[in-house]
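1. mind folding the following:
(one chain, ligands or ions: 2)
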Amino acid sequence: MQKAFDIGLDLLVGGKAVAAGAAPDFIAGAPQRGTFYLETFGCQMNEHDSEKVAGVLLSRGYRQVHSVEAASFVLYNTCSIREKAAQKVFSRLGEFREMPGESKKIGVLGCVAQQEGERIFHRSPWVSLVCGSASYSKLPELLAQLEAGEKRVTGLDTDTDETFETELTRRDNPWRAYLTIIEGCDKACSYCVVPYTRGPERSRTSDSVLRELRQLAELGYTEVQFLGQTVNSYADPSPRGLKFSELLRAAAEMPGMRRVRFTTSHPRDFGADIVEAIEHDERICNHVHLPVQSGSTRVLRAMQRTYSREGYLEKIAMIRRGNKHIAITTDIIVGFPGETEREFEETLSLLEMVKYEGIFSFKYSPRPNTPARAMEDAISEEEQSRRLAVLLELQRKIQTEANEKLIGQSFEVHVEGKSRKENQWSGHTSCHRVVNFSSAQPDLLGKYVNVKVQSTTPNSLIGVHQ
Ligand code: SAM
Ligand code: SF4
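-> Numbering: from 1, shown residues only. Ligands and ions are numbered 1, 2, ... in the order given. Modelled structure (predicted):
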């Protein structure tokens, strides 16, 4: 019999852990409703939303397939953070224009669904479901309407205090699990669609988070990554009232869990208590992703980021003052409207000062509904590309120098990949560096091993199993 998942199988069914590899490609007892193909664009939160959406579909009796051709129901979980990401979705939807007579149902989920709403039906009349992430808890109802024969169904309400919790989640990675602890965003960065597409901030109760974590540990997961657009703005809505750092500490104490990560942190809500939690318990990973976006206080103000260059650098100093090295990574936007050459150079000088372990950098892209869209003095695409290249070159130099200093050191690596080349493996350190290493030992996947660094590239460490 065909199995549901390619790599491992990890289900939480009815709140009860089911052993990896034990489930069939459909849920026994559920009515058989056809096949679905689900493609995901964008961030880790979207990836994890898709794991939960797949869980909802499986529990209704749908079977997952891995090609559009084999599916009776095709779903795209979309991203609209930048224009290019949104365009990709419309080009996927356009492919169905060339498939007349096909009886597939098509669904659009996520940020483009929320942003474009019913306009999607006009542009692509073959779409029958449009649902934003703030309405995912209504998916069972929406699917029931489609199954009853309705042609166009929408879930577009963002005025909600609900979080999306599922009885069943289909996770791809058998060792590291994503777990969303806070949805939506209440910040109002002037360039960003997320507050419009994902709705207001809403945290899950600490009991619900820790219950799911216990189930994950029972399934054999040893690493969890807490997710949220502003994960450290977490506020436990239950009477227990755990702060984010207290939730981290409680999670690290879960028997079986060896690593607890979290992303993305907003500088405004990043306090010394989080650094203390990382120092206190080595199971809390020593990596913080702290997006700065720009090194210029004037640009930060125009971005409505709520901190200045100096304020951000104080947070960095606080992290660096601790007695444990904590890797810091960031996001940068170049070519924000009105960004002068001098202001761009302030971003470069901030990079030199902080010496990030890694960066994600983007050319500013104007987005619907955002205040920055109406700002004057747009920077040309050509100039944006130039600034991005300069930024990347500088960061490459910084990473090359920093990584070379690690030669001779040993790191604990969680092994997640096996190369086609014999005896070659890969994984991550607690500080989230990629490590490629050699070992003659078999069956290392999912294990934690010590690796001594022998050489480096700007983006990875290369070593040998000790
Ligand atoms: N919540 C996170 C934070 O506060 O930094 C980031 C979430 S967003 C999904 C990821 C990154 O996309 C942002 O940090 C920003 O650098 C980038 N981004 C968001 N809107 C953008 C836009 N309009 N143009 C270019 N990059 C953008
Ligand atoms: Fe977007 Fe700002 Fe919210 Fe991050 S904090 S999701 S960049 S609005």
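2. quick one, helices of the stretch 201-350 of the chain?
-> In the stretch 201-350 of the chain, the segments counted as helices under DSSP state H, counting those that start in this stretch are 206-218, 244-252, 272-280, 297-302, 309-321, 341-354.
3. closest to ligand 2 out of these?
-> The closest approach between ligand 2 and any of these, judged by CB to the nearest ligand atom, belongs to helix 297-302 at 11.5 Å. Bear in mind the C-beta positions are built from the backbone N, C-alpha and C, glycine included.
4. thinking again about what came up before, return the most buried member of the helices of the stretch 201-350 of the chain.
-> For those, the largest average neighbour count (mean count of other CB atoms under 10 Å) is found in helix 244-252, namely a mean of 22.
5. now it, how far from the centre of its chain.
-> How far helix 244-252 lies from its chain's middle: 19 Å, per CA atoms, centre = their mean, to the nearest Å.
6. stretch 175-192 now?
-> On the basis of CA atoms, centre = their mean, stretch 175-192 sits 8 Å off its chain's mean C-alpha point.
7. could you dump the helices of the stretch 201-350 of the chain to JSON lines with mean pLDDT and distance to ligand 1?
-> Formatted as JSON lines, the helices of the stretch 201-350 of the chain follow (pLDDT from 0 to 100; distance: least, CB to the nearest ligand atom, whole Å):
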{"stretch": "helix 206-218", "mean pLDDT": "97", "distance to ligand 1": "19"}
{"stretch": "helix 244-252", "mean pLDDT": "98", "distance to ligand 1": "14"}
{"stretch": "helix 272-280", "mean pLDDT": "97", "distance to ligand 1": "15"}
{"stretch": "helix 297-302", "mean pLDDT": "98", "distance to ligand 1": "12"}
{"stretch": "helix 309-321", "mean pLDDT": "97", "distance to ligand 1": "12"}
{"stretch": "helix 341-354", "mean pLDDT": "98", "distance to ligand 1": "12"}
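8. packing partners for the helix ranked longest in the chain?
-> As far as residue count goes, and with DSSP state H defining each element, the longest helix of the chain is helix 381-404. If contacts are counted by 3 or more CB pairs under 8 Å, 6 or more residues apart in numbering; DSSP states H and E, helix 381-404 sits against strand 327-334, helix 341-354, strand 358-363, strand 448-456.
9. any chance of the helices of the stretch 201-350 of the chain in TSV, with distance to ligand 2 too?
-> Formatted as TSV, the helices of the stretch 201-350 of the chain follow (distance: least, CB to the nearest ligand atom, whole Å):
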stretch	distance to ligand 2
helix 206-218	20
helix 244-252	15
helix 272-280	17
helix 297-302	12
helix 309-321	14
helix 341-354	16
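10. need the contact list for the residue nearest to Arg82 when sequence neighbours are not counted.
-> Among residues not flanking Arg82 along the chain, Ser365 sits closest, at 3.9 Å (CB to CB, 6 or more residues apart in numbering). With contacts defined as CB atoms under 8 Å, 6 or more residues apart in numbering, Ser365 is in contact with Ile81, Arg82, Glu83, Lys84.
11. just the buried residues of stretch 83-97, please?
-> Of all the residues in stretch 83-97, those buried under the rule 16 or more other CB atoms under 10 Å are Ala85, Ala86, Lys88, Val89, Arg92, Leu93, Phe96.
12. still on that earlier bit, dump the helices and strands packed on helix 381-404 to CSV, plus distance to Asp269.
-> Shown next, in CSV, are the helices and strands packed on helix 381-404 (distance: least, CB to CB, whole Å):
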stretch, distance to Asp269
strand 327-334, 16
helix 341-354, 19
strand 358-363, 20
strand 448-456, 31
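13. three-state assignment of Ala113?
-> Recorded secondary structure, Ala113: helix (DSSP: H, G, I helix; E, B strand; the rest coil).
14. distance of it from His428?
-> Remark: distance between Ala113 and His428 (CB to CB, to the nearest Å) = 32 Å.
15. those two: who's more crowded?
-> More neighbours surround Ala113 than the other of Ala113 and His428, with 27 against 22 (other CB atoms under 10 Å).
16. touching, the more buried one and Phe121? I think so.
-> No: with contact taken as CB atoms under 8 Å, Ala113 and Phe121 are classed as non-touching, separated by 11.0 Å.
17. what's the overlap in contacts for those two?
-> Between them, Ala113 and Phe121 have Val130 as joint contacts when contacts are counted by CB under 8 Å, 6+ apart.
18. quick one on the thing from earlier: report the angle between the longest helix of the chain and strand 327-334.
-> Per axes from the mean of the first three to the mean of the last three CA atoms, to 10 degrees, the angle that helix 381-404 makes with strand 327-334 is 170 degrees.
19. next up, the contacts around Val288.
-> Applying CB under 8 Å, 6+ apart, one finds that Val288 lies in contact with Ser265, Phe270, Ile274, Ile278, Ile319, Ile326, Ala327, Ile328, Thr329.
20. any idea which helix or strand carries the residue in the stretch 1-150 of the chain positioned nearest to ligand 2?
-> Of all residues in the stretch 1-150 of the chain, the one sitting closest to ligand 2 is Ile81 (8.1 Å; CB to the nearest ligand atom). Secondary-structure element containing Ile81, defined by DSSP states H and E: none, the residue being outside all helices and strands.
21. in a helix, the residue nearest to Arg82, correct?
-> No: according to three-state DSSP, Ser365 belongs to no helix; its state is coil.
22. and it, what are its phi and psi?
-> Phi and psi for Ser365, reported as degrees, to the nearest 10, are phi -130, psi 120.
23. quick check: it vs Gly199, distance?
-> Looking at Ser365 against Gly199, where the rule is CB to CB, the gap reads 21 Å.
24. same check, this time on Leu168
-> According to CB to CB, Leu168 stands 23 Å off from Gly199.
25. same question, Leu129
-> For Leu129, the distance to Gly199 under the criterion CB to CB works out to 18 Å.
26. now swap in Thr180 and tell me
-> Thr180 is 13 Å from Gly199, by CB to CB.
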